[in-house]
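sequence and computational prediction follow.
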Amino acid sequence: MATYTYTPVPDQGAKAGVLAYLVISCVVLLLMMLFGLLMRMEQAQMISIGALWFYKIMTLHGAGMVGIVALAGAAIMWHFLRQYVDLSTGIFMANLILFLTGVVMILASVLLGDFHAAWTFLFPLPGNSMGMWTPGAAALFMGGLLVIGVGFVLLHLDIARAIISRYGGLGRGLGWPQLFGPDDGNAPPPAVVASTMVTIVNLIGLVVGASILVMMLVNLYVPTFEIDALLAKGMIYFFGHVFINAVIYMAVIAVYEILPRYTQRPWKSNKVFLASWTASTIMVMFIFPHHLLMDYAFPKWFLIMGHIIGYLNTFPILIVTGYGAMMIVYRSGIRWDMCSRLLFVSLFGWAVGAMPAFIDGTITVNYVMHNTLWVPGHFHTYLLLGMVAMVFGFMYYLGKPNENAPDSALDVAAFWGFVIGTMGFTMSFLYSGKISAPRRYAEHLPEWVPYDKIASYFAMLLIASVLVFIFRFLTRLGLASRDYQRASLARSMAT
Amino acid sequence: MQETAWQVSLVLMLMITFGVVFVAINSGKREEEYGPLVKRAYSFRTKLFWAVAFVFFPAMIYNLMDLPYSPKAVASSGPAQVINVNGHMWYWEMDRDQVEPNQPVEIRVTSADVNHGFGIYDPDLRLIAQTQAMPGYTNVIHITFPREGTYRVLCMEYCGVAHHNMMTEIKVGKS
């Protein structure tokens, strides 16, 4: 059996750039959560903002959430990856500037130009507004997405360069010599393997996304440049699925890097781990037809592929990553604090959210549940209780005053408020999906309203808890940038 | 189907919850020797892998047996009753809105402008079938309405500011 000799490097504080990413993430995340609450309250008939504002907010909420979790995920990935490879701070900051530029363009498009074609910008809706917005507003929105995408392409190119330069290729970054040959124990650490995977899938996803955005921008002003609506839909969902999935694979690096310090047990890049990440690299790119199961015009084999990969994709999540976390925590004597609680619960959120997700990817289920509230039910579970919990766990880690610093009762209460609020909120979504309430409806029929009300109350609890997390992080920004030991180093060991 | 999806999801989610709670409860007392624990855990993981595979793979295959993409072999006789549907922002254009129960119906769905979704709700407001209404393509729903009543049609793909008002009805039988 291989001997694994690497140990995590000592704790490093966050660079100013990482902190800038995280502070912006806090602000935007909170704002987008409030937008989400407004939508649920509108559906619950607790407020009255009208359909136009509902759909404008929905467009901002979708684009904003996808963008901001990508930004937060990138901060985690960059923070840890730079401890193994030589990354460019200039490119990292260029991504942030391009991101903010894109955000301003999107805000102007929606708030000033009334654009509300949803973040999915399905062709030909952006160019066919029935007079509700101008082509200029549509161009501003899609241009904003394009600018954000260019920033992430730059970031991933820099990461690819750094990994190739350090390890000799992206295949080596995924640990293929150890996966397909004898395991000499020298596979790259999990943070590098995960970053390589994310870089591969995101570069491909972003190029496809940018291509369809450019095609649609041309079509806005030159309608004779025709686009096939089915092709456009396939490209949009390929890009969208890959990009939003990649965020959780970036954020899980925090779990790989931090949880072993708390449990004094290593998270190893062994063959099963490497096989799981290579499988995920492929599956994340080929699972997207599960968004298109109700587009009968696609070839049947293509749709069946989405169905099958949906089932297979649960294996790496449950059997490798989720189980791996349970393994290192079980009888570890772990010290529970806000960071370790949030990171531990994030694996629960990811795994538990994947269950209704793969069930929705079953064609016969999708036939009666596609585009119902079942869909936001599952993705809010693994994004909120999974990915976002990883981000807050990372923030608590950075701001931890010392190894034995106790948590205040308020923080602990906020943790439970976050867990209960998220589960109540997402289960309300799932139940509404079960009773066939469609998603993206500004007004709900009376039969659906009671569950909207329940969801709104749980969302309020969730947001109140997040306010505590954010407040705590912002008050500890000074600590977050310093180099000192926040938790014991994991021991190197041979098994 | 929705009830099954809900119950299966709940069972799977609860099983994960029990596993996580079990680990959390058993996290406090440290087992210093990690090697033997890893060995036991890997052995259990192999069993877990096969257990999950044993349940998931047959379920995956079984659920491919009855896809909605082609007409079902039904006991009823007679030619299919055809409804041609065209989605517009924000209304449905249908060349008929009444069909007979227990006889096959073929609903040919397309769109005149943007993407819509043609979702059929039974009289109890339960979604029983859907397809996307795509500009340039025709998707066909093959369905046999089992009982008389007024079925509602709702738009299942976001299509703009009046998306939620894009509703119509199909009458099944004399009702």
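That came through, no problem. Numbers count the residues shown, from 1 in each chain, chains lettered A, B, ... in the order given.

from chain B, which residue is nearest to chain A?
At 3.0 Å from chain A, B:Arg30 is the closest residue in chain B, using C-beta to the nearest C-beta. Where C-beta positions appear, they are placed from N, C-alpha and C, glycine not excepted.

Validate this expectation: that residue resides in a strand.
No - secondary structure of B:Arg30 (DSSP: H, G, I helix; E, B strand; the rest coil): coil, not part of a strand.

neighbours of it, how many?
A count of neighbours around B:Arg30, defined by other C-beta atoms under 10 Å in any protein chain shown, yields 14.

residues in contact with it?
By C-beta atoms under 8 Å, 6 or more residues apart in numbering or on different chains, the contact set of B:Arg30 is A:Gln264, A:Arg331, A:Ser332, A:Gly333.

same question, A:Ile287
By C-beta under 8 Å, 6+ apart, the neighbours of A:Ile287 are A:His241, A:Gly306, A:Ile309, A:Gly310, A:Asn313, A:Gly361.

near chain B, which residues of the stretch 151-300 of chain A show up?
Counting by C-beta under 8 Å from any C-beta of the partner chain, the positions of the stretch 151-300 of chain A adjacent to chain B are A:Asp228, A:Ala229, A:Leu230, A:Lys233, A:Gln264, A:Arg265, A:Met294, A:Asp295, A:Tyr296, A:Ala297, A:Lys300.

among those, which one is most surrounded by other residues?
If you count neighbours using other C-beta under 10 Å, the busiest of these is A:Met294, which has 26 neighbours.

may I have the secondary structure class of that one?
coil.

so it makes contact with A:His370?
Yes - at 5.0 Å, A:Met294 counts as touching A:His370 under the criterion of C-beta atoms under 8 Å.

count of neighbours near residue 88?
Since no chain was named, I'll use chain A. Quick note: A:Ser88 (other C-beta under 10 Å) scores 16 neighbours.

oops, wrong one, chain B.
16.

can you list the low-confidence ranges for chain A?
Low-confidence segments of chain A (pLDDT under 70): A:1-10, A:489-495.

what domains does the record give for chain B?
Using automatic domain parsing, the domain parsing of chain B gives B:2-62, B:81-172.

most packed of those domains?
Greatest average neighbour count among the domains of chain B goes to domain B:81-172 (a mean of 20), per mean count of other C-beta atoms under 10 Å in any protein chain shown.

contact partners of stretch A:206-215?
Residues contacting stretch A:206-215 (C-beta under 8 Å, 6+ apart): A:121, A:123, A:142, A:145-146, A:149-150, A:152-153, A:156, A:225, A:227, A:232, A:235-236, A:238-240, A:242-243.

would B:Val161 count as being in a helix?
No - according to three-state DSSP, B:Val161 belongs to no helix; its state is coil.

buried sites along the host helix or strand of A:Gly306?
Taking DSSP states H and E as the criterion, A:Gly306 maps to helix A:300-312. Residues A:Leu303, A:Ile304, A:Met305, A:Gly306, A:His307, A:Ile308, A:Ile309, A:Gly310, A:Tyr311, A:Leu312 are the ones in helix A:300-312 that count as buried (16 or more other C-beta atoms under 10 Å in any protein chain shown).
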